[in-house]
Every structure is written in C-alpha cells, then in structure tokens.
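Undergrad: 3D, please:
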Amino acid sequence: AKSFDGCGLCGGNGCSCTDCRGVVNGGAKRDRCGVCEGNNTCLDCAGVPFGIAVRDVCGICRDDGLPGDPAQCTGCDGRLVLRPAVPPYFDKSRPPVCCPAALHGCNGICGASVGCD
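TA: Model (predicted):
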C-alpha cells in the first residue's frame, strides 16, 4: 500500500517540496548562480551569471574586453571620475574655470544658482 510522504503526496518520495537544503517545505532557494542560499557572486556587472562583462577604467560595464578611454571620465582637474558621476569640465567664462558639473549654469558659466545665470 502506498503512503503519504513528508510533502503530503501519496506514494511520493519526499522530494517534491524540499528546498535546496533538503528541508521539507523549507525556504532555502538557489541563487542565479545555482548556489543554495548563495549571494549571486557569479554575476558580472551586467547581472549575467558567469558573464564576461567587467567595469572599465571609467566604471562603465562592458563586455567587449576593451579597457575604456580614461579621457571620457577624466575631469579638467586631472582626476578620474567613475560613471555615472560627471567629471568637472571647463566653463565658458574667460578665462575658463574648471567647474564641477553640478555648478554649471544653463549659460555654461560656473557657479549656477537656481535657473539661469
């Protein structure tokens, strides 16, 4: 005669409701890497399991194997700024001022307040 397994299934083998740790009706789940109660350490910067994408010198996630162009994320002060931050750049004043991006006015002059300078 068939009996009920730990999952309540008649003739079952007790595996249909076990979590990845083997606990009946347990809450343990496999992460995107297939690791039981893992923390997705196999994900690349694009979120792809075992993917090849890495962050380049500017902090941009790339899967083309290229290192990136430091000129794209180097500010007028010579420092490297990781994306999505915007590096400081020269404003339109004479002489130009190396200005943080957040302080550029809509007319291109450093020291913007609310609205246009």
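
Undergrad: CA atoms for contacts and neighbours, from now on please.
TA: Will do.

Undergrad: Please identify the buried residues of stretch 78-86?
TA: Buried residues in stretch 78-86, counted by 16 or more other Cα atoms under 10 Å: Leu80, Val81, Leu82, Arg83, Val86.

Undergrad: and which of these is nearest Gly27?
TA: The shortest gap between Gly27 and any of those belongs to Arg83, at 37.4 Å (Cα to Cα).

Undergrad: Tell me the secondary structure at the closest one.
TA: coil (DSSP: H, G, I helix; E, B strand; the rest coil).

Undergrad: distance of it from Val97?
TA: Remark: distance between Arg83 and Val97 (Cα to Cα, to the nearest Å) = 22 Å.

Undergrad: what do you get for Cys17?
TA: Distance from Cys17 to Val97, by Cα to Cα: 66 Å.

Undergrad: and the residue lying closest to Thr41 once chain neighbours are set aside, how far is that from Pro49?
TA: Closest residue in space to Thr41, ignoring its immediate chain neighbours: Cys33 at 7.4 Å, by Cα to Cα, 6 or more residues apart in numbering. Remark: distance between Cys33 and Pro49 (Cα to Cα) = 6 Å.
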